[in-house]
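K.L.:
sequence plus predicted model, see below.
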Amino acid sequence: MRIFVIMKNLFFAFRFEETDRNRFILQQLIAQLRLENIVWTDPINIHLTIKYLGDTDDDKIPNILETAKIIAENQNPFVIKARGVKIFGSSYNPKIIWASVEDNKNIHDLYKHLQNAL
């Protein structure tokens, strides 16, 4: 008899609001990197990862989501400011484009709450 455990690769992230400003910033980035070998993801998939959980049993997901919901409901809105853009992989074959963000106490607090609860 075989027992299969279904795992999902989980992480917590912020999606960026679809605002005129964010669309403009993305278009500027695309224009600046137009000569690079980049296949751009759908903007809906652009996010800021807060906590990576990795492979997670399906059975644990409902409790994780409930815990995250409680933590999120107790957070006040805050602004995230990007500082710069970097590339994982080589410039001729980038895998991931990422932005560093300004140090932000709210992000640190949110991460700590998730870390402690999970």
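P.N.:
Now that the structure is in, tell me what you want to look at.

K.L.:
show me where pLDDT drops low in this structure?
P.N.:
Low-confidence regions of the chain, defined by pLDDT under 70, span residues 1-5, 91.

K.L.:
that one: helices as residue ranges?
P.N.:
20-32, 61-73, 105-117 (DSSP state H).

K.L.:
between those helices, which gets nearest to Ile87?
P.N.:
Smallest distance to Ile87 across the helices of the chain (C-beta to C-beta): 11.3 Å, for helix 20-32. Where C-beta positions appear, they are placed from N, C-alpha and C, glycine not excepted.

K.L.:
still on that earlier bit, for the helices of the chain, could you give me JSON lines that also reports mean neighbour count?
P.N.:
Listed next are the helices of the chain as JSON lines, based on neighbours: other C-beta atoms under 10 Å:
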{"stretch": "helix 20-32", "mean neighbour count": "11"}
{"stretch": "helix 61-73", "mean neighbour count": "13"}
{"stretch": "helix 105-117", "mean neighbour count": "13"}
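
K.L.:
the longest strand seen in the chain pairs with which strands, and in what direction?
P.N.:
Determined from DSSP state E, the single longest strand within the chain is strand 47-57. Take DSSP bridges as the rule and strand 47-57 pairs in its sheet with strand 7-15 (antiparallel).

K.L.:
list the buried ones in the strand it pairs with?
P.N.:
Neighbour-count burial for strand 7-15, counted by 16 or more other C-beta atoms under 10 Å, picks out 10, 12.

K.L.:
I'm done for today, thanks for sticking with me.
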